[in-house]
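Enquirer: The sequence and its predicted three-dimensional model are supplied below.
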Amino acid sequence: MHNELRLATSDLARFLQEKLPELSEDWWAKHVVDRLSFQQQRVIGENNISSLRELDFAALLRVLDQNWYDLSGNCNLPREARNWVKELQTVRNKWAHVSAEETPASEIYRDADTLGRLLNLIGAHEGSMSAVRAVKESALARMTDSAGGTASAAVSDANTVTAPTEATPTEAPMHLFKVGDVVALRSDNSVKLPVLEVIIGGPEPRYCVFQDGAKATYYESQLQAVAGDAGEQPSISIDEFRARLTALHLLSPSTANLFSLRSGRVNFVPYQYRPVLKLIRSDRPRLLIADEVGVGKTIEAGLILKELRARMDISSVLVICPKALVAEKKWQTELKRFDENFTHLDGALLRHCLHETDLEGEWPEQYEKAILPFSLFDSDLIFGSETKKRRRDRGLLALDPAPAFDLVIVDEAHHIRNSDTFLHQGVRYFCDNARAVLLMTATPVQLGSQDLFTLLNVLRPDLVIDRNSFEQMAEPNRFINEAVRLCRETGPNWQQEASEQLRQATDTEWGRLFLREGPTFQGVFDKLRDEVELPDEERVALTRKLEELYTFSSIINRTRRRDIGEFTSRKPQTLTVDFTDDQKALHDDLLGVVARILARSHGQQNVKFMMTTIRRQAASCLYGLAPMLSDILNRKLDQLELIEAADSADEVDLSFVEGIRLEIEDLISRAESLDPTDPKVEAFVRTLTDKTRLANNKALVFSTFRHTLAYLARHTEDAGLRYGVIHGDIPDDERASLRKRFSLPKEHPDALDVLLSSEVGCEGLDFQFCDFLVNYDLPWNPMRIEQRIGRIDRYGQKSETVSIVNLVTPGTVDADIYERCLMRIGVFQHAVGGSEEILGRVTQEIHDIAESFVLTDEERSRRLQQLADNGIRRIREEQELEEKESELFGLNVPKASWREDIDNAENEWLSTDAIQQCVSTYLKSRTGSDHEHLLGDKPLKTLRLSQDARSALLADYKLLKRSADPISKAWEKWLKGGTPSIAVTFDQETAADDPKVMHLTVLHPLVRQAARFLETTDAMQCTLQASDRLPAGVHRFALYRWRKFGIKPDEELVAVADDPVVEEALMKILHTATEPIEPSAVPSRDHDDLDALHHAKWTAAQATHIAQNQELAEHRVQSLTVSHRARVRALEDQISKATNEKIRIMKQSELARANADFDRRVTELREAGNTGDIRAAPVLFGTVVVRVG
């Protein structure tokens, strides 16, 4: 066909040369150049092409296709002829990438026939027509010979032996196996080997086989035939087939499906899967999660971790975050919900890891899941520490090779805004060397934001090189945004107007360099230019493709509370309770003592922190003051409590206490003699008692201070209420148990009515079943208040409103802060939104005002009110600017769109029911028993296995890749132990309620074992009965697994059937068929017709895939080269201007990493571009019976 396509190229160029000038005077620019793909246009420009005869067949076919409506009117071309043009585009791709394997004659005939039809249409030369007829006749002759010559061909194949010997028809063969047979070792029948050569001579035949990537030779007596290898597919039941199909999906990650859906011991919240989808579909797994405060960024990070573990088998993860989050164990606690154990690194452990990396060349496995605080990023970490004698410890920049984590997560990433700091350079270093990166912050998405530019430059330095490239990157989005609007509204001429918007997008600098030659952009552009109006289904799909073109879409996820809607309305209530005279006297005297101590200490930070904590304890509960002061004197003050109270992670040196011991002892004495009558706690108990009379009697109570919680516990118990207490030192198992008891209905004997908690205590716990929250005292930090309220105001809350009761005592600084600042900001009425940076500044200013004893009461109130007004203004300005610039970033995707994306990513073959069926089938097959091993009808089940069965499963477990994660350790421990049963669940909600239950997700070793065991390389066979909504009769079908290789590896299942209606519905048929399956033993040759249908589909798909893969590779290499040159110029300029030696060293290291990353990625892209392929294998051959009535 190559010669025929060459002849056709000449004929088509002549035809177009005759007809196109009739369409326009400027026909070359308008009807040739403008109608080619953007990549083809670049080639024309680079090679100065100016005539049709210089174009190849692919370009000419595109010119004909894109001008079809103009030409068809002038030349009276039949409508069906355009289908020939489109088919020939696939034919051209196929023959351009044809392999060494012989092409079936039937395909050659069809390709030649289509080509002949087009040549006849355009009046081709007789020589071209004659050549095509000859190809058709040759193919037809081959097809005829094949139909009548099967026997002779079989004889010829059977006699293909390297050393043939003469034999009479009655003689037994001198050897058992022939070339091409698959044999097994007698010593290990699990080892299967293909025969490459038969060696005759000597005492017995020998066979050359292919084993472990090399040739090996065995005597015939060492080999045996593979059992059951008789050319027939095994016949199985539909239930077993479904289990095996689930196994296939578990082992074959597709970008169309999410593996992390309903994984983790968390509640299912759809919008939290948005960043997961973005990451797996991005060209590089790097994402900025810029969600507003309270959306759930840590849960999103956990879901991404599970998704990447399922797809990339990642093992090393580094979390970098503020010191306060380390001290509060926020990340450690949250990641335990995903069955992940992380280690906090202090200075000594970090130095140990760097030393081991220097010696061994890799980060120590023991600490491959680590949490690192910002505070450890200093000069010693970056450059190493030195002594006068010798270098003691190497810094990050001196390590070779660099520590390369599979995933780096940076929380509150806005702290790296200054590129000259050690923190920035250290974070950049870890990100540059990581496979995947997540940066997390509530930074507003604005073009003028320096923070946003810095974060994207760290995340994707290959794209966002400098401020200029950052702004250029945004330019196409306003046009894409308008095209999306036109597609949604479908007004007159919407397709033409939308295509014009895309044309303007390509005129921008970013569009010209990076966007227009991308296959996705070209495909959307071509569809919009088609003169036939798209039907609604195609229009919706095209709109989704357009949304993918937003230049920042793949690297930023921004979820705002208003995007997902309010979960419920908040109903705040202020419960004002005055001090008694005795209490007021103690409180006022305490303030006087604090003022004198601060005056004497001259503003020492340690003293300031401690005095703030004491004042806040007094405002919270005076009856907790004496025990807290005793803790201070005894140096037993809890560090977590101090962090919550002071909003700082700085460690407090209590050495100053000795100098104020007398004042503190006097305060303790007065506090201990305080009149026990307490109106505040009485009001608190009345509030709880009133709540317990309602159907939903649950009340969640917060206090920052443990001594306040202990005091409340005594009064709650005295009131006869059932309660629990959780704070930072309560073990995880006990916290989970208290949470479960709190969730039980009030009638249950083990239920709790009240849960008393600190913020840190309920970290990682959700209480959407509770609609009543009491703040016995209030944080000065709006974000901590939002975190408290967010425990009940969250996805899944059943009540229309949640009540928030705030107890406030007039005359305290807390009351001033509450009334003048926090209420005005509106945090109790609705999710405050805004950025972490603004709310962090508000918190710091609250502390500055509240801790000043120079201000009068009136001045303090006025400044707090002004602070609130300024904070509200800054938040609103941020939101208004972000809304104004939203089209520049293209992040305002409608809720229906992303929700549909998530729904589409849910695969029934990976549902909890499907995974349970897969595991159950595995257990029965592996143990040889038909008994059910997963006992129980409810989501919480018992897995019961005998010792022999556990030993068999342990053997399978050892075949998996070794893992040190807690799930694998627990599974191995149970298999080796003597306990026959264990509690398990496939249900996410059940796992969230009870952390002791083994959660069987796609990543659990038992599920992976089941998938490996049920994996099959042989096609299966089954018969099933299906719905009468299909055509009546007996229909034959086949299912193939396609593995796509190249730039974007993927997998999919492809159906073929003898009836197109059955073919389209096949995947649904497999889900719904319920009839028992009858055994079937149809010989494999009976599937030839189905395989022919599949081959035609596969050939077209493979040709398209190879062409698109090469096009994508070329586009990415070109884009990467352009951006790398600019990046190198920028870094070299910074190095030449650097006056600080350490900055120069850091920039030189960054340049070296940039060059290494560029070389590696270009090599990977070129290799992937040259290896595009679709490898197909049959999975199932079957028959579906459809009976009417």
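Expert: Sure thing, it's come through.
Enquirer: Please name the nearest non-neighbouring residue to A402.
Expert: Of all residues not flanking A402 in the chain, N433 sits nearest, at 4.5 Å (C-beta to C-beta, 6 or more residues apart in numbering). C-beta coordinates here come from the backbone N, C-alpha and C atoms, glycine included.
Enquirer: Which stretches in the stretch 351-500 of the chain count as strands?
Expert: Using DSSP state E, counting those that start in this stretch, the strands found in the stretch 351-500 of the chain span residues 369-373, 384-386, 391-394, 407-411, 436-440.
Enquirer: out of those, nearest to R714?
Expert: R714 lies closest, by C-beta to C-beta, to one member of these: strand 369-373, at 36.3 Å.
Enquirer: can I get the CA coordinates of that closest one in CSV?
Expert: The C-alpha trace of strand 369-373 is given here as CSV (Å, rounded to 0.1, in the frame of the first residue of the first chain):
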residue,chain,number,x,y,z
LYS,A,369,7.5,8.6,55.9
ALA,A,370,8.5,11.7,57.8
ILE,A,371,7.2,15.0,59.0
LEU,A,372,9.6,17.9,59.0
PRO,A,373,9.0,21.3,60.7
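Enquirer: could you pull out the strands for the stretch 1051-1189 of the chain?
Expert: In the stretch 1051-1189 of the chain, strands defined by DSSP E, counting those that start in this stretch lie at 1173-1186, listed in chain order.
Enquirer: give me the low-pLDDT residue ranges for it?
Expert: The model of the stretch 1051-1189 of the chain has pLDDT under 70 over residues 1074-1086, 1188-1189.
Enquirer: For whichever helix in the chain runs longest, name the packing helices and strands.
Expert: If you go by DSSP state H, the chain has its longest helix at helix 1088-1137. Packing partners of helix 1088-1137 (3 or more C-beta pairs under 8 Å, 6 or more residues apart in numbering; DSSP states H and E): helix 38-47, helix 81-96, helix 105-121, helix 519-529, strand 1033-1045, strand 1050-1057, helix 1141-1170, strand 1173-1186.
Enquirer: So for D239, which of the ones you listed sits nearest?
Expert: Per C-beta to C-beta, nearest to D239 of the helices and strands packed on helix 1088-1137: strand 1173-1186, 13.7 Å.
Enquirer: List the buried residues for that closest one?
Expert: By neighbour count with 16 or more other C-beta atoms under 10 Å, strand 1173-1186 contains the buried residues I1174, A1176, P1178, V1179, L1180, F1181, G1182, T1183, V1184, V1186.
Enquirer: Near the closest residue in space to H1071 that isn't next to it in sequence, how many residues? Count them for me, please.
Expert: Spatially, and ignoring its direct neighbours in sequence, H1071 is nearest to E908 (5.9 Å; C-beta to C-beta, 6+ apart). Other residues within reach of E908, judged by other C-beta atoms under 10 Å, total 14.
Enquirer: What values do phi and psi take at E908?
Expert: Torsion angles at E908 (phi, psi; degrees, to the nearest 10) stand at phi -60, psi -30.
Enquirer: ok, so what distance separates it from R242?
Expert: Using C-beta to C-beta, to the nearest Å, one gets 10 Å for the distance from E908 to R242.
Enquirer: Which other helices and strands does the helix or strand in which S737 is found contact?
Expert: Applying DSSP states H and E as the criterion places S737 in helix 732-743. For helix 732-743, the packing partners by 3+ C-beta pairs under 8 Å, 6+ apart come out as strand 723-726, strand 754-757, helix 988-993.
Enquirer: now with 10 Å?
Expert: helix 330-336, strand 723-726, strand 754-757, helix 988-993 (3 or more C-beta pairs under 10 Å, 6 or more residues apart in numbering; DSSP states H and E).
Enquirer: Please work out which of those is packed deepest.
Expert: The highest mean neighbour count among the helices and strands packed on helix 732-743, using mean count of other C-beta atoms under 10 Å, belongs to strand 754-757: a mean of 26.
Enquirer: Turn the helices and strands packed on helix 1088-1137 into JSON lines, columns for distance to D793.
Expert: Below are the helices and strands packed on helix 1088-1137 laid out as JSON lines (distance: least, C-beta to C-beta, whole Å):
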{"stretch": "helix 38-47", "distance to D793": "49"}
{"stretch": "helix 81-96", "distance to D793": "54"}
{"stretch": "helix 105-121", "distance to D793": "62"}
{"stretch": "helix 519-529", "distance to D793": "39"}
{"stretch": "strand 1033-1045", "distance to D793": "44"}
{"stretch": "strand 1050-1057", "distance to D793": "40"}
{"stretch": "helix 1141-1170", "distance to D793": "43"}
{"stretch": "strand 1173-1186", "distance to D793": "47"}
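Enquirer: Kind regards, and thank you for your time.
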